[in-house]
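Asker: Build me a model from this:
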Amino acid sequence: MANELVLTGLNIAFTKVNSPSVNLSPASVSITVTGTLVMDNVQSVSTVAAAILMGGVTSGGVWFMHNLSVTNSVGIRATSGAVDLVQMQAGEWACFRSSITATAPQAIAYVTSCNVRMLRFDR
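Answerer: Numbers count the residues shown, from 1 in each chain. Just a heads-up that it's a prediction; the model follows:
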């Protein structure tokens, strides 16, 4: 089967004085998931960088992350000692496909520990 994962309904609107306005509603994206594994968990992220729980989805895949904190920011790193590749402010979310070589990503909270929902689909 193909196109098992469908992302739809995104609307991006930006309006600010003295800046160009943006209004973008991209078409839905259908993604073929070659594996059979899904990992869905809420992980407590501390102020010390620590491994993201990968479950069976151990190399790359499609990620959805949601910072469940109402006050704290979270950083996502490709590996130990790396700079933050993704930063989510309180309440923000991110969706992306990671490289197959991303096998040991880490998360870090900037001020106090918080929870992040992490949903991953096999490549």
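Asker: Going by residue numbers, what spans are helices in this protein?
Answerer: In chain order, the chain shows no helices, with DSSP state H as the criterion.
Asker: Most distant residue from the centre of the protein?
Answerer: Most distant from the centre of the chain: Asn18, at 30.9 Å, with distances by Cα atoms, centre = their mean.
Asker: Next one: that one, what pLDDT does it get?
Answerer: Looking at Asn18, its pLDDT reads 96.
Asker: if I look at it, how far off is Leu24?
Answerer: Note on Asn18: its distance to Leu24, by Cβ to Cβ, to the nearest Å, is 20 Å. Bear in mind the C-beta positions are built from the backbone N, C-alpha and C, glycine included.
Asker: Now do the same contact list for the residue with the shortest distance to the centre of the chain.
Answerer: Centroid-nearest residue in the chain: Met65, 3.5 Å away (criterion: Cα atoms, centre = their mean). Counting by Cβ atoms under 8 Å, 6 or more residues apart in numbering, Met65 touches Ile76, Val86, Met88, Trp93, Ala94, Cys95, Val116, Arg117, Met118, Leu119.
Asker: Likewise for Val45?
Answerer: By Cβ under 8 Å, 6+ apart, the neighbours of Val45 are Val74, Ala107, Ile108, Ala109, Ser113, Cys114, Asn115, Val116.
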